[in-house]
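**Q** Quick one, what's the 3D model for this:
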Amino acid sequence: MNVNQLILETVLSTEDDAITVINRDKIVLYWNDAAVATFNISKEEIINQSITDFFKEEDLMVLKVLETKEQVKNIYHRPREDKHVVINTTPIFNNSGELIGAVSVERDITQIVRLSNNLETTSMELDELRKKVKQVNEESPFAKLKGRSTALLDTIQIAVKAAKTDATTLILGESGTGKEVCAQAIHEASSRADKPFIPVNCGAIPPALFESELFGYEAGSFTGASKEGKAGKIEMADGGTLFLDEIGELPLDMQVKLLRVLQENRIYRIGDSIGREVNVRIIAATNQDLTTMMVENNFRADLYYRLNVIQLTMPPLRDRLDDIPSLTDLFLEQFALKYQLPTPELHHSAMQILLSYVWPGNVRELKNMMERLVILCDKSQIDSDDLLNYFPNLISSSQQISNDDKSSSLSDEKDSIEKVLIEETLRQTNGNKSDAARRLGISRVTLYNKLQKYQIK
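**A** Alright, predicted model coming up:
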């Protein structure tokens, strides 16, 4: 072997691409180390053998070059089921222009193809997941209940189950916790979504007008009545959902009539003795203690048990502290967009005040507060001083001192703080008293004594 041949042999063996040289009779003349690694065929096996003994003719681009005598560049090919290559193949001519063979340079891209396929599959799966998350976030009626706190998610879980049925549902919770939003979400997630959702605030209807508002009246049934008569709220909700907010304000005589509707699925307008069948799902809500009202004979027990098939409680904002940052961001953006104003940011010092406040008005109070800040505050970032300038009474519940409490003793203040601390620790431990006692640094016996002392249930 002369020097030029030695140099050429060294260069070809160093090349990472598989190099094959065949003559016009399809006999392999050269097979480099990269070809051995790519196809797992040794030089001893293949050199001086027909290449068709190792590969199917239709899978060999180099044979097509022998036929066409034309160069092929950058062609994707699969010489085997488990191999992916990019081929550059060139015919070889002698000095007389006669075809004497062909050389094929094949770059193994099998690993790249596999990675690409895996990436494509993963991308498709990720895209599907994004679509599902987007669908839940944008299309689920319960997305209107903003927040990811455990207390809220537990309530939503019950509400989702309630939406799958026509069961009468009772929503409890303080004012401003979003009871109507929850009721509407249940309706929109139910099979009645394309039917009416009729809200009725029982606390806003004068007692004398209750019957006509709920049940309607026939033509000429009383002085001033419409000549055509009028459908009541229950009849308007036929096929859909009737939401009775502040159900505790419903007069006792109306409670009897409502109970009859629940039992018979039939309403009687004022002046009507025949009645009309109705198909109405009733969701009631209240911030009152109906069990106490039953004891005091202000609410009928039979109606309560009819309404209380499914019960869920909207958690107060003080039990949803984790949701306050996301809610404030949401409300600030909403009102900034509404009033075409820049969206302010809350400094962490201002957020700490919001997190320590007791929130008697719950989410409604927080929403109104953010609206006021957007309108009145000209600063891009709101700190604690700014917040207290607009809301001077917005201070930590542990620091909040009313005029009646100014004369309270240090011992009373200590007891108050201790009670709040125990209640909060029990919430964090989901009522696990052993864990709560450990976190508080006291014994279980001491904890039980304090639970009894502060009447913590």
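
**Q** And the helix or strand where residue 75 lies, what's buried?
**A** Secondary structure assignment for residue 75, by DSSP states H and E: strand 72-77. Within strand 72-77, the residues that qualify as buried by neighbour count (16 or more other C-beta atoms under 10 Å) are 72, 77. Where you see a C-beta, it was placed from the backbone N, CA and C, and this is true even at glycine.

**Q** and the very next helix or strand once past that strand, which strands flank it?
**A** Once the chain leaves strand 72-77, the next helix or strand it forms, by DSSP H and E, is strand 85-93. When pairs are called by DSSP bridges, strand 85-93 turns out to pair with strand 72-77 (antiparallel), strand 99-108 (antiparallel).

**Q** Checking my notes, residue 191 in a helix, right?
**A** No - with the criterion set as DSSP: H, G, I helix; E, B strand; the rest coil, the secondary structure at residue 191 is coil rather than a helix.

**Q** Residue 156 versus that one, what's the distance?
**A** Separation of residue 191 from residue 156 (C-beta to C-beta, to the nearest Å) stands at 19 Å.

**Q** more neighbours, the two?
**A** Between residue 191 and residue 156, counted using other C-beta atoms under 10 Å, residue 156 has the larger neighbour count: 19 against 11.

**Q** okay, the strands paired with strand 85-93 in CSV with mean pLDDT and distance to residue 37 next?
**A** Output for these, formatted as CSV (pLDDT from 0 to 100; distance: least, C-beta to C-beta, whole Å):
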stretch, mean pLDDT, distance to residue 37
strand 72-77, 81, 18
strand 99-108, 87, 8
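
**Q** how about these in a markdown table, adding distance to residue 437?
**A** Written out in a markdown table, the entries for the strands paired with strand 85-93 read as follows (distance: least, C-beta to C-beta, whole Å):
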| stretch | distance to residue 437 |
| --- | --- |
| strand 72-77 | 69 |
| strand 99-108 | 66 |
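
**Q** quick one, which of the ones you listed is nearest to residue 171?
**A** Ranking those by proximity to residue 171 (C-beta to C-beta) places strand 72-77 first, at 62.3 Å.

**Q** Tell me which of the strands paired with strand 85-93 lies nearest to residue 125.
**A** When those are ranked by proximity to residue 125, the top entry is strand 72-77, at 25.3 Å, counting by C-beta to C-beta.

**Q** low pLDDT regions in the protein?
**A** Across the chain, residues meeting the criterion (pLDDT under 70) sit at 1-6, 8-9, 12-14, 79-80, 123, 126-139, 220-227, 395-414, 416-417.

**Q** Would you mind splitting it into its domains for me?
**A** If you go by automatic domain parsing, the domain ranges for the chain are 3-108, 141-313, 319-390, 408-453.

**Q** Distance from the first one to the middle of the chain?
**A** It refers to domain 3-108. The gap between the average C-alpha position of domain 3-108 and the chain average comes to 57 Å, counting by C-alpha atoms, centre = their mean, to the nearest Å.

**Q** can you offset everything so residue one is 36?
**A** Understood, numbering begins at 36; the last thing we discussed is domain 38-143.

**Q** Determine which residue of the protein is most distant from the centre point.
**A** Note on the chain: the largest separation between a C-alpha and the mean C-alpha position, by C-alpha atoms, centre = their mean, falls on residue 131 (75.3 Å).

**Q** Surely it is within a helix?
**A** No - with three-state DSSP as the criterion, residue 131 is coil rather than part of a helix.

**Q** can you give me the strands in the stretch 236-385 of the chain?
**A** Assigned strands in the stretch 236-385 of the chain, in chain order: 251-252, 265-266, 276-280, 301-302, 311-312, 316-321, 345-348, 380-381 (criterion: DSSP state E, counting those that start in this stretch).

**Q** so what does the fourth one touch, helix or strand wise?
**A** Under the contact criterion of 3 or more C-beta pairs under 8 Å, 6 or more residues apart in numbering; DSSP states H and E, the helices and strands touching strand 301-302 comprise strand 311-312.

**Q** Show which residues not belonging to the strand it packs on make contact with it.
**A** When contacts are defined by C-beta atoms under 8 Å, 6 or more residues apart in numbering, strand 311-312 is touched by residues 270, 300-304.

**Q** again, only this time at 10 Å
**A** Outside of strand 311-312, the residues within contact range by C-beta atoms under 10 Å, 6 or more residues apart in numbering are 250-251, 266, 269-270, 273, 299-304.

**Q** now those in a markdown table, with distance to residue 418 and neighbour count?
**A** Converted to a markdown table, the contacts of strand 311-312 look like this (distance: C-beta to C-beta, whole Å; neighbours: other C-beta atoms under 10 Å):
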| residue | distance to residue 418 | neighbour count |
| --- | --- | --- |
| 250 | 55 | 23 |
| 251 | 55 | 24 |
| 266 | 54 | 16 |
| 269 | 52 | 24 |
| 270 | 54 | 18 |
| 273 | 54 | 17 |
| 299 | 61 | 12 |
| 300 | 58 | 12 |
| 301 | 61 | 12 |
| 302 | 57 | 23 |
| 303 | 61 | 19 |
| 304 | 59 | 23 |
